[in-house]
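S.K.: need a structure here:
(4 chains)
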There are 4 protein chains.
Amino acid sequence: MEFGRPVEHIRVRPGMTVGSLLAQMDEAGVLGAGKLGRAARILAKMFSDPDCSVFLSLAGALVPGGLRSVIRDLVERGLLKAIVTTGANVVHDLVEALGFRHYVGTFRADDAELLEEKLGRIGDIYVEMRAFVALEKWLRDVLKEVPADVRKAISGSRLIRELGLRLEDPNSIVATAARKGVPIICPGFVDCVAGFQLWTLSDELGLRLDPLGDLSELMNLVLTAERVGLVILGGGMPKHFLMFATTFRDGADYAIQITTDRPEPGGLSGAPLEEAISWGKIKPGADVVTVICDATIAFPLIVAAALEWAC
Amino acid sequence: MEFGRPVEHIRVRPGMTVGSLLAQMDEAGVLGAGKLGRAARILAKMFSDPDCSVFLSLAGALVPGGLRSVIRDLVERGLLKAIVTTGANVVHDLVEALGFRHYVGTFRADDAELLEEKLGRIGDIYVEMRAFVALEKWLRDVLKEVPADVRKAISGSRLIRELGLRLEDPNSIVATAARKGVPIICPGFVDCVAGFQLWTLSDELGLRLDPLGDLSELMNLVLTAERVGLVILGGGMPKHFLMFATTFRDGADYAIQITTDRPEPGGLSGAPLEEAISWGKIKPGADVVTVICDATIAFPLIVAAALEWAC
Amino acid sequence: MEFGRPVEHIRVRPGMTVGSLLAQMDEAGVLGAGKLGRAARILAKMFSDPDCSVFLSLAGALVPGGLRSVIRDLVERGLLKAIVTTGANVVHDLVEALGFRHYVGTFRADDAELLEEKLGRIGDIYVEMRAFVALEKWLRDVLKEVPADVRKAISGSRLIRELGLRLEDPNSIVATAARKGVPIICPGFVDCVAGFQLWTLSDELGLRLDPLGDLSELMNLVLTAERVGLVILGGGMPKHFLMFATTFRDGADYAIQITTDRPEPGGLSGAPLEEAISWGKIKPGADVVTVICDATIAFPLIVAAALEWAC
Amino acid sequence: MEFGRPVEHIRVRPGMTVGSLLAQMDEAGVLGAGKLGRAARILAKMFSDPDCSVFLSLAGALVPGGLRSVIRDLVERGLLKAIVTTGANVVHDLVEALGFRHYVGTFRADDAELLEEKLGRIGDIYVEMRAFVALEKWLRDVLKEVPADVRKAISGSRLIRELGLRLEDPNSIVATAARKGVPIICPGFVDCVAGFQLWTLSDELGLRLDPLGDLSELMNLVLTAERVGLVILGGGMPKHFLMFATTFRDGADYAIQITTDRPEPGGLSGAPLEEAISWGKIKPGADVVTVICDATIAFPLIVAAALEWAC
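M.R.: Residues are numbered from 1 along each chain as shown, chains lettered A, B, ... in the order given. Coordinates of the predicted model:
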């Protein structure tokens, strides 16, 4: 067994940039810091490669957790080909675009009291339930403007684009993506507050969702890309959906994932990226790394470093 | 702050039944063992309550991981009102129903070698890729038999029932559920091998999925139930989808979940059931417990104990 | 890459014994259930092998968590050569032997209120602080009986044996081990309530701890054993101390560990047993398995199954 | 239940400093990023408070993982009152001080092959076994220089200071701490390679360890401090030992811990700092936060930010 290079010790200086610290972590090369540094290097490569289409998948409380602008700014900078997401992150973005906010709470809340106060809890974040009442009203109004023949079989991505075109909040991911023509693919859109609201409106509006339409849109982007880079935050359906699409082109060229899920119970959310090689989702020899970390910590760091290095 | 009862120490005897050991864990009442014992007690209550509709949600590698018969037998015994699942668990059940098997492998596999050998890896489990070729052929044949007007907007649950009615494997969850009239609700069916296969067949067969149809079916069952019990294995879309449905009836009456995901990053998969109270998904004062454990360990144990006590 | 055997699905029957369920998990052979079943098989082998010295290491809240009798009964049955432990598990056993109990509490306690109520919290377990006052008084009385020349350099194991010989509680691990001549090796005894109490008494009693004495005792047992089996609950100092001792004999022959710690951050507590092979702590080819599980769940299960099979 | 402030979204700019990013995370205030930002704020407070004695506890593979210089530089800057550590981190520092290195390896190593190559593995880090042979020789030489009456009852901290005074490596934590007069308290020193080496030398050198001496040294520092701040990396014996000492002064004033251990199994390593309030280890109302993160990621970040803000 041949030796690797020695572990170089990380050196901290007051006022150092995020990029310079993550470069040192990459030099250290081991444990969590080594993985974080390498993830930033791979992301910088994706951003620097003009022929690489970068796909971002989102699961978990990323928008409520403070990453809304980080994601939105990547869209604005033209660095993402598409986003694949749970419905929840779309809903959370819409809630803020409609003027509501998420609030700093506590994990140790009294949930029965929150119920009475009409506050929904997401970890240590609270959101007012009246935001969802406003959302339902707004959704109905927007959907009425969508042509009936579109409504009768509408993909998540088309629906989200229609919503985004009607939002004025410049900080909204959904609005920015619609303006920039970046699809937000959401094959499981029915699984969120808005999905349930669509269901209650479906008879009145003759509305049907078309998840195969999301797949067509994703496949088109994946198959026409020169190279494919995957950035996977959390697991769930977005991870599986995005990675399965790449099997049709012998796998992705670059991939990073950030998760705190464990591999041992066998679920896909916690599976290391190496496993994806066996399925043809990632090319053997591709540049990949998994960072075991809360995405609200790791993602801003690697984005900051990658932008510092690549842009 | 008032005292609880004392921790009673677990006593182990050779040849003791699963139920007698879990009863002792329930008596101990603390840490993981206490939660496991309590989960078994709550499950026994659900099974013993003739007015309780029990809903089981599945995410993760449960069928490949050896739980196929545990789930199938619950359906056969008439103990489940419905199953809400990822597509993957359906696909894994179909693969076995078509005569293929999952194999014991290792987490430390060489995935590039598995790719060459045409074996897909799920944790420490291998599956032959040719199983999916056979699945696609079979799916096409079955779908041709489904009336064209059904195909043009078919819910995941209807589709899975059609598949189940055409399977002969008595050990199949899908076949048993179809025979017993237990819906397998799968709002994100597009997110699995079969979902991608449906997409490739969709033009030829005029096929469209209708996830709002899954929601209608689930809502009907949830709204007409006297009491609702939730059994949640893993998180993901099935957990969210099932629990959101219960908000329309002021929450579930009983709930247990088994997961190894962490609550701190804020994702729903790792959220404790208490959080669901704030959203109206679970009634304040309901009988709930979260067991932090691999579901392949905890679920057979609590099912064995609950059947021993309740049946 | 050659195929393993197929995954056999677990079958649950009401009234089945723990051993019969864990045998099925072993047959399934994958994910957590497969590891649990295999751990029970390995433990049964250790118990059945008359030339195998079994060493149990303890870290974490095992006694407060309800495992006191499980451990004590293994000592009583003569199945353990020695126990290596944190001081805390000794203290918790002593507290119960002196007539105090641990109480069922909650993880969501108000800790400032507990402080006022003089209750210490361990997860969801409470213990009265007055128990430690009683412990200190008792310790002083016992130590005065220990000859002064022994006190001036006393190993953790010798000290614990002196304590055990003066306890009358038949359910005590410490008392049972003293009666049966099973050493309780505690190289870090200073790190517990009793350790701090010894420090306050040290001038008065001319007391000094001798951790190298613990090492001598352990080495003697490890070096004279025909075969060595390791049962590791939690990690910490007991795991490291016990496993390092086996390097002097080319490693252990059998080993199981139960932990919820992660391997990725690189700490020994979460390290898989395979890593120990590189250090010579475990023989290449030895029968080893790591179960990722709360020990209060997994340990009673594998003990029950191993006793059912082996005794 | 009153509302908290709104979650402010993190904004990333290329070239931003670590401090400016962590300030934004602190503003976001929720999930992992919020905890990380708050930990940096609390650490900056400790560093800025001239009457605060800061104690750092170390467990896990911190030195091999690349944090050697981060820790050493804090000692050099005079920011630490004392370090409480496992023996392993001392040994790893000594190994490098003697001219050996840690090497970048892989978690997926063949450990039997590493054994043959005489490489020990720590996660994805390799170390040459011959380093420990050199260490033993050096230890013997140094210990011979220590006066015999000191050797007959030497605390871990005194022993480590003697070692540090004989090292020339300016990057060594042990050497820098000895030069600066910062104690490295190591009550469980017997639990490491060097501890076992001391045991083999003990007869020849008349050597005995005195862990109560470590406790005396720690207690003296804790009891004479105006205010106490705790920085806890990993758990294990150092965490418990350090925190228990603070019960003698009604608890610490500031505390941060970084860990990936879970609280649910009840072990102290994964226990949240709130639990410590019930024991009087931390003052009610103290400034505390737990960051669930790999310490090799989180610690350099919060040190960089705290130095940027405080120095």
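S.K.: List the pairing partners of the longest strand along chain A within its sheet, with orientation.
M.R.: Longest among the strand segments of chain A by residue count, using DSSP state E, is strand A:282-292. Taking DSSP bridges as the criterion, strand A:282-292 sits next to strand A:252-259 (parallel) in its sheet.
S.K.: Flag every buried residue along the helix or strand just after the longest strand of chain A.
M.R.: Moving toward the C-terminus from strand A:282-292, the next helix or strand (DSSP states H and E) is helix A:295-310. By neighbour count on 16 or more other Cβ atoms under 10 Å in any protein chain shown, the buried set for helix A:295-310 is A:295-310. (C-beta placed from N, C-alpha, C; glycine too.)
S.K.: repeat for stretch A:226-238
M.R.: A:227, A:228, A:229, A:230, A:231, A:232, A:233, A:234, A:235, A:236, A:237, A:238.
S.K.: which one among those gets closest to residue A:209?
M.R.: residue A:237 (14.2 Å; Cβ to Cβ).
S.K.: angle of the helix or strand that closest one falls within against strand A:252-259?
M.R.: Using DSSP H and E, residue A:237 sits within helix A:236-245. Interaxial angle, helix A:236-245 versus strand A:252-259 (axes from the mean of the first three to the mean of the last three Cα atoms, to 10 degrees): 170 degrees.
S.K.: who does the helix or strand where residue A:54 lies pair up with?
M.R.: Applying DSSP H and E as the criterion places residue A:54 in strand A:52-58. According to DSSP bridges, strand A:52-58 forms sheet pairs with strand A:82-85 (parallel), strand A:227-233 (parallel).
S.K.: Let me know the next secondary structure element after that strand.
M.R.: Toward the C-terminus, strand A:52-58 is succeeded by helix A:68-76 as the next helix or strand (DSSP H and E).
S.K.: list the helices and strands that following helix packs on?
M.R.: Packing partners of helix A:68-76 (3 or more Cβ pairs under 8 Å, 6 or more residues apart in numbering or on different chains; DSSP states H and E): strand A:52-58, helix A:87-97, helix A:173-180, helix A:295-310.
S.K.: Any chance of JSON lines for those, columns mean pLDDT?
M.R.: Shown next, in JSON lines, are the helices and strands packed on helix A:68-76 (pLDDT from 0 to 100):
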{"stretch": "strand A:52-58", "mean pLDDT": "98"}
{"stretch": "helix A:87-97", "mean pLDDT": "97"}
{"stretch": "helix A:173-180", "mean pLDDT": "98"}
{"stretch": "helix A:295-310", "mean pLDDT": "98"}
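S.K.: could you dump these to a markdown table with distance to residue D:54?
M.R.: A markdown table is the format used below for the helices and strands packed on helix A:68-76 (distance: least, Cβ to Cβ, whole Å):
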| stretch | distance to residue D:54 |
| --- | --- |
| strand A:52-58 | 39 |
| helix A:87-97 | 39 |
| helix A:173-180 | 41 |
| helix A:295-310 | 23 |
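S.K.: Any residues of the stretch 151-300 of chain A in contact with chain D? List them.
M.R.: A:171, A:260, A:292, A:293, A:294, A:295, A:296, A:297, A:298, A:300 (Cβ under 8 Å from any Cβ of the partner chain).
S.K.: Looking at those residues, which two lie furthest apart in space?
M.R.: A:171 and A:292 (30.0 Å).
S.K.: So which bits of chain A are right by chain C?
M.R.: A:30, A:31, A:32, A:108, A:262, A:264, A:265, A:266, A:292.
S.K.: Tell me the one of the residues you listed nearest chain D?
M.R.: Nearest to chain D, judged by Cβ to the nearest Cβ, of the residues of chain A next to chain C is residue A:32 at 2.9 Å.
S.K.: residue contacts, the residue nearest to that closest one when sequence neighbours are not counted?
M.R.: Excluding the flanking residues, the one nearest residue A:32 by Cβ to Cβ, 6 or more residues apart in numbering or on different chains is residue D:294, at 2.9 Å. Shown in contact with residue D:294 (Cβ atoms under 8 Å, 6 or more residues apart in numbering or on different chains): A:31, A:32, A:33, A:292, A:293, C:264, C:265, D:260.
S.K.: Got the phi and psi for the second one?
M.R.: Torsion angles at residue A:32 (phi, psi; degrees, to the nearest 10) stand at phi -60, psi -40.
S.K.: Wait, it touches residue D:299, no?
M.R.: No - using Cβ atoms under 8 Å, residue A:32 is not in contact with residue D:299; the gap is 10.3 Å.
S.K.: on that earlier part again, which members of the contacts of residue D:294 are the farthest-apart pair?
M.R.: Largest pairwise distance in the contacts of residue D:294, by Cβ to Cβ, is 13.2 Å, between A:33 and D:260.
S.K.: Point out the residues in the stretch 51-200 of chain A that sit beside chain B.
M.R.: A:59-61, A:64-65, A:86, A:88, A:107, A:109, A:111-112, A:114-115, A:119-125, A:153, A:187-193, A:195-196, A:198-199.
S.K.: So among these, which ones count as buried?
M.R.: A:59-61, A:64-65, A:86, A:88, A:107, A:109, A:111, A:114-115, A:119-125, A:153, A:187-193, A:195-196, A:198-199.
S.K.: For burial, what's the neighbour tally of residue A:100?
M.R.: For residue A:100, the count of nearby residues is 18 (other Cβ atoms under 10 Å in any protein chain shown).
S.K.: Grab the nearest non-local neighbour of it.
M.R.: Nearest one to residue A:100, counting by Cβ to Cβ, 6+ apart, is residue A:131 at 3.8 Å.
S.K.: residues contacting the one you found?
M.R.: Contacts of residue A:131 by Cβ under 8 Å, 6+ apart are A:95, A:98, A:100.
S.K.: swap in residue A:227?
M.R.: Here residue A:227 is in contact with A:49, A:51, A:52, A:53, A:253, A:254 (Cβ under 8 Å, 6+ apart).
S.K.: got it, and residue A:76?
M.R.: Counting by Cβ under 8 Å, 6+ apart, residue A:76 makes contact with A:176, A:180.
S.K.: pLDDT at it, what is it?
M.R.: We have a pLDDT of 98 for residue A:76.
S.K.: after the lowest-mean-pLDDT helix or strand in chain A comes which helix or strand?
M.R.: Within chain A, no helix or strand scores below helix A:193-205, which has a mean of 91 by mean pLDDT, DSSP states H and E. Per DSSP H and E, helix A:193-205 leads on to helix A:211-224 as the next helix or strand towards the C-terminus.
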